[in-house]
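> Pasted the sequence and its predicted model underneath.
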Amino acid sequence: MTAAGAVTAADVELVTEKALLSREETIRLIQIAKVGHFASAFSCAEILAALYYGVMRLRRGEPDWPDRDRFLFGKGHAAAALYPLLVDWGFFDRAILDEYTRVGNPLGDHPDMSRVPGIDFSSGSLGHALSAGLGMALGGRIGGRDFRVFVLLGDGELNEGQVWEAAMGASHHRARNLIAIVDRNEYSLDGKVDDVLGIEPVADKFAAFGWEVHEVDGHDVPALLCLLRGVANDAARARPAVVIARTVKGKGVSFMESELGWHLGYLAPEDEAVALAEIRGTA
Amino acid sequence: MTGVELHEGSWHLHTVLDKSPGLRLLADTLVELVDEGHPIVACTADLKYSNGLFRLQEQHPGRFIQFGISEQNMVSAAAGLATTGQLPYVATFASFLALLCCEQIRTDIAYPGLPVRLIGHHAGITLGFYGTSHHATEDLAIMRSLAGLAVVAPADGPALAAAIRATVDHPGPIYFRIGRGRDPEVYAGGIDFELGKAIVHQEGTDLTIFATGSTVHPSLEAAARLRATGLSVGVLDVHTVKPLDADAVLAAAARSARLMTVEEHSVVGGLGGAVAEVLATAGGSPPLHRHGIRDEYALIGPPIHLYRHYRLDADGIVAEAESVLAR
């Protein structure tokens, strides 16, 4: 069992505040684009905030610091949830956010490493990220750097065969610096993942592939932070680890939690106000 | 049973490289480059004996990664490796690399412009009777369409070694298309390889043959025979299919009455397509005959026999050229 990372009340407050920032900004950005992946972004807001404000080794304003921990966004369609955090880290100018998805702007629906400082790898075609993360983990080992590589996968993404090629490879190569997080929000585009193409028993699958497996409530900030820190800092682990984060698609906005069409959509200004009030807890 | 002394004619996977000097040269060149300090990581998908990379593993085990039979994982992982400052050389059969992994190459490597070297070996119909799954007669066309990816088809082992060495510091990705490493040598005496610069072997006024990879040697032989009949026939080794040496193509077109491309590849979209694009865009050029595998799947059979069938040996190229000149 992994030693739990120590978590203070201030840590929890910071991560909670940044998860709120992510959700607020997601709404603002999608209003600019006039369409976007609300529900997928909301299910991983706490995960992103915990990684970027409680776990990862980063340097403010230095997105290319060679020893930084890497983050790969497998479910890249939720990138709007991450961009505001990268701005908050000083990786690029806030004004760029204001032109999200407009012609020539570097920020699209999916993250692009060639255009966006702080994006460690591009994504959009599901199933590649765990492989790319494995390559980074092996590159770190070969190059003598001790950074960790975090890969956030969608649960629907686990339908892709390449994920399991990477899972096999990571275990075989004992990529102990590779940590996957599955955003288990239970839904992909066409419906419930387990109706579309079932992935259970997902924990057993990763375990059978040789991974250390953990499960957590992906919205419980203290538990999430404690677990992710513990896994990231576990020097004794000799194999890759996966954290299956049970989440709610559309978390924070009642009508998105109950209607799965919000995988993709647009909010009229009146409904935007309701959504913002709900996520701020002022509804 | 042990202790059986095998006849010298017998061979198995661990000795097959003895028959493929070109691939041996590939592995040994990479070993040299590692020795010189280049951060090379050789990646293979359960084909290290077929492509010779086991030799690098023996010398530098820490710079060799065995991915097993997971080509797509290997290609995406190579992209990840490249982001950390390593220089991956990824090798597998061309049919798997260019077709199975096309999207990983495009999205993970070519689009971000990462310095990954993709080595598609046993390309064309060199795996003749292994069947269509193992033929790669579309790889030039597919790889050529990916923005930012250079496409290089060296004619023999020395050309491959020179190309690998000359491009080691190239900032972007490269697809190397090679055969079995058994091509008769064109450049035993050395080659001055420059990415994107075709090699003019001869200039000709009656016909210019543009060849690439395995067709350079038989094209030179065919041209020699044609010249012996009094014709003026030129040959260009277009080792870099992309970026194509448009100047060399247009210069040859300006001095020749007929033009012909020869490739161990479909006539759709490969060298023939690339040359046709340049000629058509410039306008006013003589007719171009694109010689290669027609728009079809190749027969199975031993490669040498297939080359004869598809007129990709010297005899066949002479015959094709004569029909072109007779038009």
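Okay, I see it.
> Please make it C-alpha for all contacts and neighbour counts, starting now.
Fine.
> mind listing the strands in the chain by residue range?
In the absence of a named chain, chain A is used. With DSSP state E as the criterion, chain A has strands at A:70-73, A:149-154, A:178-184, A:187-188, A:191-192, A:212-217, A:241-246.
> nope, chain B
B:40-44, B:64-66, B:87-93, B:117-121, B:150-152, B:174-177, B:199-202, B:207-211, B:233-237, B:240-242, B:258-266, B:288-293.
> could these go into TSV alongside distance to B:Glu5?
As requested, the strands of chain B are exported to TSV (distance: least, Cα to Cα, whole Å):
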stretch	distance to B:Glu5
strand B:40-44	31
strand B:64-66	31
strand B:87-93	32
strand B:117-121	32
strand B:150-152	42
strand B:174-177	37
strand B:199-202	47
strand B:207-211	44
strand B:233-237	44
strand B:240-242	45
strand B:258-266	39
strand B:288-293	43
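> Is it possible to get the ones you listed out as CSV so that each row also shows mean neighbour count?
Listed next are these as CSV, based on neighbours: other Cα atoms under 10 Å in any protein chain shown:
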stretch, mean neighbour count
strand B:40-44, 27
strand B:64-66, 20
strand B:87-93, 26
strand B:117-121, 26
strand B:150-152, 26
strand B:174-177, 28
strand B:199-202, 16
strand B:207-211, 29
strand B:233-237, 25
strand B:240-242, 28
strand B:258-266, 26
strand B:288-293, 23
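> got these as JSON lines, with mean pLDDT and distance to A:Ser254 columns?
As requested, the strands of chain B are exported to JSON lines (pLDDT from 0 to 100; distance: least, Cα to Cα, whole Å):
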{"stretch": "strand B:40-44", "mean pLDDT": "98", "distance to A:Ser254": "49"}
{"stretch": "strand B:64-66", "mean pLDDT": "98", "distance to A:Ser254": "48"}
{"stretch": "strand B:87-93", "mean pLDDT": "98", "distance to A:Ser254": "48"}
{"stretch": "strand B:117-121", "mean pLDDT": "98", "distance to A:Ser254": "49"}
{"stretch": "strand B:150-152", "mean pLDDT": "98", "distance to A:Ser254": "51"}
{"stretch": "strand B:174-177", "mean pLDDT": "98", "distance to A:Ser254": "50"}
{"stretch": "strand B:199-202", "mean pLDDT": "98", "distance to A:Ser254": "68"}
{"stretch": "strand B:207-211", "mean pLDDT": "98", "distance to A:Ser254": "65"}
{"stretch": "strand B:233-237", "mean pLDDT": "98", "distance to A:Ser254": "66"}
{"stretch": "strand B:240-242", "mean pLDDT": "98", "distance to A:Ser254": "54"}
{"stretch": "strand B:258-266", "mean pLDDT": "98", "distance to A:Ser254": "57"}
{"stretch": "strand B:288-293", "mean pLDDT": "98", "distance to A:Ser254": "61"}
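> can I get those strands in CSV with distance to chain A?
Putting those into CSV (distance: least, Cα to the nearest Cα, whole Å) gives the following:
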stretch, distance to chain A
strand B:40-44, 9
strand B:64-66, 9
strand B:87-93, 10
strand B:117-121, 15
strand B:150-152, 18
strand B:174-177, 18
strand B:199-202, 34
strand B:207-211, 35
strand B:233-237, 34
strand B:240-242, 22
strand B:258-266, 29
strand B:288-293, 32
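> Pull the contacting residues for A:Met136.
By Cα atoms under 8 Å, 6 or more residues apart in numbering or on different chains, the residues touching A:Met136 are A:149, B:77, B:80-84.
> Now compare the residues you listed and name the two farthest from each other.
The most widely separated members of the contacts of A:Met136, counting by Cα to Cα, are A:Val149 and B:Ala82 (14.5 Å).
> neighbour-wise, which of these two wins?
It is A:Val149, of A:Val149 and B:Ala82, that has more neighbours when counted by other Cα atoms under 10 Å in any protein chain shown, with 28 against 23.
> Check whether stretch A:233-249 comes near chain B.
No. Shown here: stretch A:233-249 not in contact with chain B (Cα under 8 Å from any Cα of the partner chain), separated by at least 15.2 Å.
> Distance across that stretch, terminal residue to terminal residue?
End-to-end distance for stretch A:233-249, by Cα to Cα, to the nearest Å: 29 Å.
> Next one: the residue positioned nearest the centre of chain A from A:Leu21, what distance?
Nearest to the mean C-alpha position of chain A, counting by Cα atoms, centre = their mean, stands A:Leu152 at 4.3 Å. Distance from A:Leu152 to A:Leu21, counting by Cα to Cα: 19 Å.
> cool, and B:Leu226?
Distance, B:Leu226 to A:Leu21, using Cα to Cα: 75 Å.
> Spell out which residues of chain B are next to chain A.
Near chain A, when you scan chain B using Cα under 8 Å from any Cα, you find B:62-63, B:67-68, B:70, B:72-74, B:76-86, B:104, B:108, B:112.
> excluding its backbone neighbours, what's nearest B:Tyr297?
Closest residue in space to B:Tyr297, ignoring its immediate chain neighbours: B:Thr132 at 6.8 Å, by Cα to Cα, 6 or more residues apart in numbering or on different chains.
> Contacts only, for the residue of chain B found nearest chain A.
Residue nearest to chain A within chain B (Cα to the nearest Cα): B:Ala77, separated by 3.9 Å. Each residue near B:Ala77 by Cα under 8 Å, 6+ apart is listed here: A:131-136.
> go again using 6 Å as the cut-off
B:Ala77 makes contacts with A:131-132, A:134-135, as judged by Cα atoms under 6 Å, 6 or more residues apart in numbering or on different chains.
> got the residues of the stretch 1-150 of chain A near chain B?
A:114, A:131-132, A:134-136, A:139 (Cα under 6 Å from any Cα of the partner chain).
> Low-confidence stretches in the stretch 1-150 of chain B?
B:1-2 (pLDDT under 70).
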